[in-house]
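Asks: Predicted model and sequence follow; I will ask about them next.
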Amino acid sequence: MSSFVTGQIIEARCTRCKDVTGHVVMACLDGVPVKVECRACGSVHKYVAPEVHARPRGERAVRVQGGHNRVEAGDATVKAEKRAAAPRPTREQQQMSRRMEENEQRWNSLVAGRAAVPAAYSMNGTFAVDSLVDHPVFGTGAVLELFPPDKMDVMFKDGVKRLRCVC
Ligand SMILES: [Zn+2]
């Protein structure tokens, strides 16, 4: 980070001109200008950095006094950033495929490599948590949780399904 010295001429946002103008640094604190004099209008005010490209958002709130212009400009920037990010339709798909991947990993850890022979699923069957179930449609799953009297969650390869059972 460059440091500034008193008397230096720098670009800063003038709170009166509401524009970026040349300013003379009147006072510095740790190399950061704290008080500047606008060379265009002569007003002395605290240093406001010229709005360069995307600065961390939190900083904006500090110097709203300059008027509404800055706030609106800030909002526009935020919106533009959002718009720039939006046209990626893959984000949801990415999330989805990530979820499916996690799901499969979870399923693998719960079901794959288990020696136990899965019990054939039946609505009238009774299943224990962690036991394996073989479902005609969903395949092999592991019982995650029982919801007495007649429901259970089973982890199948393509997700958790709530099935009927007797428990
Ligand atoms: Zn000015």
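Replies: Perfect, thanks for sending it.

Asks: and this protein, which of its residues are near the ion?
Replies: 14, 16-17, 38, 40-41 (C-beta under 5 Å from the ion). Heads up, the C-betas are built off the backbone N, CA and C, glycines and all.

Asks: can you pick the most crowded of those residues?
Replies: Greatest neighbour count in the residues of the chain next to the ion, by other C-beta atoms under 10 Å, goes to residue 14: 24 neighbours.

Asks: That one pairs with what?
Replies: Residue 14 has the following beta-bridge partners by DSSP bridges: residue 19.

Asks: For it, give me its contacts.
Replies: Contacts for residue 14 (C-beta atoms under 8 Å, 6 or more residues apart in numbering) come out as 20-21, 23, 38, 40-41, 43, 45, 48.

Asks: Let me know the closest of these to residue 137.
Replies: Taking C-beta to C-beta as the measure, residue 48 is the one of the contacts of residue 14 closest to residue 137, at 64.4 Å.

Asks: Now do the strands in the protein.
Replies: 9-14, 19-29, 32-38, 44-46, 119-120, 132-135, 139-147, 151-156, 159-164 (DSSP state E).

Asks: will you turn those into a markdown table that also has distance to residue 106 and mean pLDDT?
Replies: Listed next are those as a markdown table, based on distance: least, C-beta to C-beta, whole Å; pLDDT from 0 to 100:
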| stretch | distance to residue 106 | mean pLDDT |
| --- | --- | --- |
| strand 9-14 | 52 | 94 |
| strand 19-29 | 54 | 94 |
| strand 32-38 | 51 | 94 |
| strand 44-46 | 55 | 95 |
| strand 119-120 | 20 | 96 |
| strand 132-135 | 14 | 96 |
| strand 139-147 | 9 | 95 |
| strand 151-156 | 6 | 96 |
| strand 159-164 | 9 | 95 |
